[in-house]
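A.B. asks: model the following, please.
(one chain, ligands or ions: 1)
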Amino acid sequence: MATTLHHWKSGEIFEGNSGRFSDVTNPATGEVTAQLALASEDDVNEVVAAAVAAFPKWRDMSLTKRTQILFAFRELLNTRKKELAAIITSEHGKVLSDALGEVTRGQEVVEFACGLPHLIKGGFTENASTKVDVHSTRQPLGVAGIISPFNFPAMVPMWFFPIAIAAGNTVVLKPSEKVPSAALWVAELWKEAGLPDGVFNVLNGDKVAVDGLLTHPDVQSISFVGSTPIARYVYETGTTHGKRVQALGGAKNHMLVLPDADLDLAADQAVNAGYGSAGERCMAISVVLAVGDIGDELVSKIKERTVGLRTGDGTRSCDMGPLVTAQAQERVSGYIDAGQSAGAELVVDGRRPEVDADGEGFFVGPTLFDHVRTDMSIYTDEIFGPVLSVVRVDSYEEGVKLINDNPYGNGTAIFTNDGGAARQFQYEVKVGMIGVNVPVPVPMAYYSFGGWKNSLFGDTHAHGVDGLHFFTRGKVITSRWLDPSHGGLNLGFPQNA
Ligand code: NAD
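C.D. replies: Numbers count the residues shown, from 1 in each chain. Next comes the predicted model:
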């Protein structure tokens, strides 16, 4: 019988009272593995209340003690990350090595947060005015709401919670209902690391849980990652309710291949970035722009590599796993049908793949289209599956125009051996994260992750210094001590002397 998964509140499992549940599946087999409790409004209020109650003590705890807990969490995670990777594979479907890579990238943010005392230091100016000193501090906001997507069950929440917690906030994480177990596993790890109860909580659920967090007066900030329509809704609703919001949305990432590029490298990387994690990455490459007359050779090199990929259960030795749900499988197959009907050349068809798996998993194999036009839905829409489209363009300028005209601006890459062209590209392209001969340019933890245009609503990107600023607010203190000079009354605006 499938187990039931609940919420996590004040250091223990919390069952809630909604009576509503959804299925959690293993996408490689189609089997229902758990029932997930979906929060009611009352459940939201109870979990937020726990985070509110834990805040004053956590905020008061010294940076040294808080950081020691972060270090303990990092050590436990490092030792046990294979367990977490296995959980991710069983609910998301990505292959184990990819799941482990995701955990490692998340761990980098934990490591960054271990050094937070250095970043949170304020400035100090002695004698700014005669015998008057000025200093600045940054303080936590209170309860941080984090709402995450299905495609990175561990890494995306880890973009936010290590920094939020290190800075003295308490957290309510609402994971995707498709992949809830990673968050619950992380909650137990925090407890083992010595985090006080109530500092990290997990609220499982759907729109009711999200709306509850967006409108709750005691939730101070919202970090959201998901599709663009929901990101826009979250940003608008959260800010209307007075919250600080960063809402990261969808993507349509282009890879521009110039005629002078190493085409074997470009083909390798197009395949890695197009089909890794079955294309379910916001930094996946979904469009290859082949400049000039390299199209035939590049497509033939990509095809050669694509047909050799092994698709199957991520626990076996495969390159690519299933899609997350039967609906995702149907949606992606529908896009392949549409691309074919619209007249794109279907070079590799993944609709009925040979797979190494038992049961009725949600598989679509790697799919390659050539001669894709920009009015086709396989070009205009975020497919979020293993479908790579090659668009042929005449020039660098035509390629850059397509990238800049695209409503999304998450990631992009240029493949070339011409340093001047690469420099010009990074200067003029309207995208947040850029790779030069690097197809998936996910920034390190000490830089910030985020796109432009419809790929991010809000001012601050995730992690790095932006992350610290998002989870804290500044104060500037002007002080005078033991100054015998007393100027008497002066109702004018304070001026320095
Ligand atoms: P999603 O938008 O369906 O769900 C994201 C979160 O929103 C989930 O927690 C979900 O429960 C909640 N949600 C879903 N529908 C809602 C509604 N109507 N009202 C309120 N909340 C709702 O996204 P997903 O399918 O889980 O993830 C894939 C999407 O996330 C893709 O578009 C991908 O590009 C994007 N993504 C973006 C980034 C980035 O950094 N920009 C990173 C990862 C994923």
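
A.B. asks: which bits of the stretch 1-150 of the chain sit near the ligand?
C.D. replies: 147, 148, 149, 150 (C-beta under 6 Å from any ligand atom). Just so you know, the C-beta spots here come from the backbone N, C-alpha and C atoms, and that holds for glycine as well.

A.B. asks: and the residue lying closest to the third one once chain neighbours are set aside, how far from residue 82?
C.D. replies: If you skip the residues right next to it in sequence, residue 149 has residue 226 as its closest partner in space, 4.5 Å away by C-beta to C-beta, 6 or more residues apart in numbering. Residue 226 sits 27 Å away from residue 82, taking C-beta to C-beta, to the nearest Å as the criterion.

A.B. asks: which residue ranges of the stretch 301-450 of the chain form helices?
C.D. replies: For the stretch 301-450 of the chain, the helices defined by DSSP state H, counting those that start in this stretch occupy 326-341, 377-380, 396-405, 419-428.

A.B. asks: helices or strands next to the shortest one in the packing?
C.D. replies: The elements that helix 377-380 packs onto, with contact taken as 3 or more C-beta pairs under 8 Å, 6 or more residues apart in numbering; DSSP states H and E, are helix 326-341, strand 387-393.

A.B. asks: got a list of what residue 377 touches?
C.D. replies: Residue 377 is in contact with 335, 338, 339, 342, counting by C-beta atoms under 8 Å, 6 or more residues apart in numbering.

A.B. asks: repeat that for residue 205.
C.D. replies: For residue 205, the contacting residues are 18, 37, 38, 39, 43, 44, 174, 177, by C-beta under 8 Å, 6+ apart.

A.B. asks: repeat that for residue 122.
C.D. replies: Residue 122 sits next to 135, 136, 137, 138 when contact means C-beta under 8 Å, 6+ apart.

A.B. asks: most neighbours among those residues, which one?
C.D. replies: Among the contacts of residue 122, residue 138 has the most neighbours (other C-beta atoms under 10 Å), with 17 neighbours.

A.B. asks: pLDDT wise, what is that residue at?
C.D. replies: As predicted, residue 138 sits at a pLDDT of 97.

A.B. asks: tell me the pLDDT of the nearest residue to it once chain neighbours are set aside.
C.D. replies: The shortest distance from residue 138 to any non-neighbouring residue, by C-beta to C-beta, 6+ apart, is to residue 472 (3.8 Å). Predicted confidence (pLDDT) for residue 472: 98.

A.B. asks: equivalent analysis for residue 492, please.
C.D. replies: Residue 492 carries a pLDDT score of 87 in this model.

A.B. asks: that one in helix, strand or coil?
C.D. replies: Assigned with DSSP: H, G, I helix; E, B strand; the rest coil, residue 492 falls in the coil class.

A.B. asks: circling back to that earlier point, the contacts of residue 205 into CSV, with extra columns for neighbour count, pLDDT and secondary structure?
C.D. replies: Putting the contacts of residue 205 into CSV (neighbours: other C-beta atoms under 10 Å; pLDDT from 0 to 100; DSSP: H, G, I helix; E, B strand; the rest coil) gives the following:
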residue, neighbour count, pLDDT, secondary structure
18, 19, 95, coil
37, 26, 98, strand
38, 21, 98, strand
39, 27, 98, coil
43, 26, 98, helix
44, 27, 98, helix
174, 28, 99, strand
177, 19, 98, coil
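
A.B. asks: still on that earlier bit, tell me, how many neighbours does the residue nearest to residue 149 end up with?
C.D. replies: The burial count for residue 226: 22, using other C-beta under 10 Å.

A.B. asks: before we move on, what about residue 211?
C.D. replies: Residues near residue 211, counting by other C-beta under 10 Å, number 16.

A.B. asks: quick one: low-confidence parts of this structure?
C.D. replies: By pLDDT under 70, the low-scoring segments of the chain are 1, 483-487.

A.B. asks: which residue does it bring closest to the ligand?
C.D. replies: Residue nearest to the ligand within the chain (C-beta to the nearest ligand atom): residue 226, separated by 2.7 Å.

A.B. asks: hmm, residue 146 and that residue touching each other?
C.D. replies: No - Residue 226 lies out of contact with residue 146 (C-beta atoms under 8 Å); the separation is 11.5 Å.

A.B. asks: list the residues that contact both of these two?
C.D. replies: With C-beta under 8 Å, 6+ apart, residue 226 and residue 146 have no common neighbours.

A.B. asks: how about a markdown table for the helices and strands packed on helix 377-380, with distance to residue 360 and mean neighbour count added?
C.D. replies: Supplementary listing: the helices and strands packed on helix 377-380 in a markdown table, determined by distance: least, C-beta to C-beta, whole Å; neighbours: other C-beta atoms under 10 Å:
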| stretch | distance to residue 360 | mean neighbour count |
| --- | --- | --- |
| helix 326-341 | 8 | 17 |
| strand 387-393 | 21 | 24 |
